[in-house]
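J.: return a 3D structure for these sequence lines:
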Amino acid sequence: MIYQNVTIGSNMKYNKIQNKWENVGTPILAENVIVADGAKILGPIIIGENTVIGAGAIITKSIPGNSIAYGINQYKPKNPDYDLVFNPNMISGEEIMKVNEKLVAEFDKTREFHN
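T.: All right, here's what the predicted structure looks like:
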(Lines give C-alpha, C1' and ligand atoms only; values in the text may rest on other atoms or scores of the structure.)
Protein backbone atom coordinates (compact mmCIF):
# COMPACT_ATOMS: atom_id res chain seq x y z
CA MET A 1 0.00 0.00 0.00
CA ILE A 2 1.44 3.35 -1.04
CA TYR A 3 -0.13 6.56 0.23
CA GLN A 4 -0.07 10.06 -1.32
CA ASN A 5 2.97 12.21 -2.14
CA VAL A 6 5.39 9.26 -2.02
CA THR A 7 8.53 9.18 -4.15
CA ILE A 8 10.10 5.86 -5.14
CA GLY A 9 13.00 6.21 -7.52
CA SER A 10 16.63 6.55 -8.36
CA ASN A 11 19.35 8.63 -6.73
CA MET A 12 22.12 7.76 -9.16
CA LYS A 13 25.00 10.11 -9.82
CA TYR A 14 27.75 10.36 -12.41
CA ASN A 15 31.34 10.21 -11.16
CA LYS A 16 33.33 12.44 -13.54
CA ILE A 17 36.68 11.30 -12.14
CA GLN A 18 36.02 7.59 -12.75
CA ASN A 19 33.84 8.28 -15.80
CA LYS A 20 30.98 6.04 -14.60
CA TRP A 21 27.53 6.06 -13.05
CA GLU A 22 27.18 5.17 -9.35
CA ASN A 23 24.19 4.15 -7.25
CA VAL A 24 22.45 2.74 -10.32
CA GLY A 25 19.11 1.05 -9.71
CA THR A 26 15.78 1.65 -8.09
CA PRO A 27 14.15 0.36 -4.88
CA ILE A 28 12.58 -3.06 -4.62
CA LEU A 29 9.65 -3.34 -2.23
CA ALA A 30 8.84 -6.82 -0.93
CA GLU A 31 5.32 -8.07 -0.16
CA ASN A 32 3.10 -6.34 2.41
CA VAL A 33 5.11 -3.11 2.54
CA ILE A 34 3.21 0.02 3.56
CA VAL A 35 4.63 3.40 2.54
CA ALA A 36 3.01 6.28 4.44
CA ASP A 37 2.40 9.83 3.24
CA GLY A 38 5.31 11.85 1.89
CA ALA A 39 7.97 9.15 2.26
CA LYS A 40 10.95 9.10 -0.11
CA ILE A 41 12.56 5.76 -1.00
CA LEU A 42 15.57 6.22 -3.25
CA GLY A 43 18.31 4.15 -4.81
CA PRO A 44 19.26 0.53 -5.36
CA ILE A 45 17.85 -0.74 -2.06
CA ILE A 46 15.53 -3.46 -0.79
CA ILE A 47 12.63 -2.86 1.59
CA GLY A 48 11.91 -6.17 3.33
CA GLU A 49 8.47 -7.78 3.63
CA ASN A 50 5.93 -6.57 6.20
CA THR A 51 7.80 -3.29 6.67
CA VAL A 52 6.18 0.09 7.28
CA ILE A 53 7.89 3.21 5.95
CA GLY A 54 6.72 6.08 8.15
CA ALA A 55 5.27 9.37 6.95
CA GLY A 56 7.95 11.74 5.71
CA ALA A 57 10.74 9.18 6.00
CA ILE A 58 13.76 9.46 3.70
CA ILE A 59 15.16 6.01 3.03
CA THR A 60 18.31 5.46 0.94
CA LYS A 61 19.53 2.25 2.61
CA SER A 62 18.03 -1.25 2.63
CA ILE A 63 15.58 -1.97 5.46
CA PRO A 64 15.13 -5.51 6.82
CA GLY A 65 11.73 -7.19 6.84
CA ASN A 66 9.29 -6.71 9.72
CA SER A 67 10.63 -3.24 10.48
CA ILE A 68 9.38 0.29 10.93
CA ALA A 69 11.48 2.82 9.00
CA TYR A 70 11.33 6.48 10.00
CA GLY A 71 13.30 9.72 9.83
CA ILE A 72 16.40 9.48 7.70
CA ASN A 73 17.48 5.85 7.31
CA GLN A 74 16.35 4.91 10.83
CA TYR A 75 14.50 1.69 11.58
CA LYS A 76 13.48 -0.60 14.41
CA PRO A 77 11.78 -4.00 14.61
CA LYS A 78 8.02 -3.87 14.14
CA ASN A 79 5.96 -5.00 17.13
CA PRO A 80 4.07 -8.08 15.86
CA ASP A 81 1.12 -7.27 18.16
CA TYR A 82 0.26 -4.09 16.23
CA ASP A 83 -0.65 -3.13 12.69
CA LEU A 84 0.35 0.38 11.66
CA VAL A 85 -1.40 2.61 9.16
CA PHE A 86 -3.69 -0.10 7.79
CA ASN A 87 -5.63 -3.12 8.99
CA PRO A 88 -8.49 -4.87 7.18
CA ASN A 89 -10.62 -4.28 10.30
CA MET A 90 -10.46 -0.47 9.96
CA ILE A 91 -12.11 1.86 12.46
CA SER A 92 -15.15 3.72 11.12
CA GLY A 93 -15.18 7.41 10.35
CA GLU A 94 -17.95 7.84 12.92
CA GLU A 95 -15.80 6.34 15.68
CA ILE A 96 -12.93 8.66 14.78
CA MET A 97 -15.29 11.66 14.84
CA LYS A 98 -16.48 10.73 18.36
CA VAL A 99 -12.90 10.58 19.61
CA ASN A 100 -12.12 13.91 17.96
CA GLU A 101 -15.20 15.53 19.55
CA LYS A 102 -13.83 14.58 22.99
CA LEU A 103 -10.41 15.91 22.05
CA VAL A 104 -11.88 19.22 20.86
CA ALA A 105 -13.82 19.51 24.14
CA GLU A 106 -10.56 19.00 26.09
CA PHE A 107 -8.85 21.60 23.93
CA ASP A 108 -11.68 24.09 24.50
CA LYS A 109 -11.31 23.62 28.28
CA THR A 110 -7.61 24.50 28.12
CA ARG A 111 -8.41 27.66 26.16
CA GLU A 112 -11.01 28.71 28.74
CA PHE A 113 -8.46 28.15 31.50
CA HIS A 114 -5.90 30.41 29.82
CA ASN A 115 -8.31 33.24 28.94
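J.: helices along this protein, start to end?
T.: Along the chain, counting by DSSP state H, helices occupy 93-114.
J.: residue boundaries of the strands in it?
T.: Listed in chain order, the strands of the chain (DSSP state E) span 7-9, 13-15, 20-22, 28-29, 34-35, 40-42, 46-47, 52-53, 58-59, 67-70, 74-77.
J.: as a markdown table, these with mean pLDDT and distance to E112 would be great.
T.: For glycine as for every other residue, the C-beta is placed from the backbone atoms N, C-alpha and C. Below are the strands of the chain laid out as a markdown table (pLDDT from 0 to 100; distance: least, CB to CB, whole Å):
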| stretch | mean pLDDT | distance to E112 |
| --- | --- | --- |
| strand 7-9 | 97 | 43 |
| strand 13-15 | 97 | 56 |
| strand 20-22 | 97 | 59 |
| strand 28-29 | 98 | 48 |
| strand 34-35 | 96 | 40 |
| strand 40-42 | 98 | 42 |
| strand 46-47 | 98 | 47 |
| strand 52-53 | 96 | 39 |
| strand 58-59 | 98 | 41 |
| strand 67-70 | 98 | 36 |
| strand 74-77 | 98 | 40 |
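J.: nearest to F86, out of those?
T.: strand 34-35 (5.9 Å; CB to CB).
J.: so what secondary structure elements neighbour that closest one?
T.: Counting contacts by 3 or more CB pairs under 8 Å, 6 or more residues apart in numbering; DSSP states H and E, strand 34-35 packs against strand 52-53.
J.: what's the pLDDT at the most centrally placed residue in the chain?
T.: Centroid-nearest residue in the chain: G54, 2.1 Å away (criterion: CA atoms, centre = their mean). pLDDT for G54: 97.
J.: state the distance from it to S62.
T.: Remark: distance between G54 and S62 (CB to CB, to the nearest Å) = 16 Å.
J.: next one: M12
T.: Separation of M12 from S62 (CB to CB): 16 Å.
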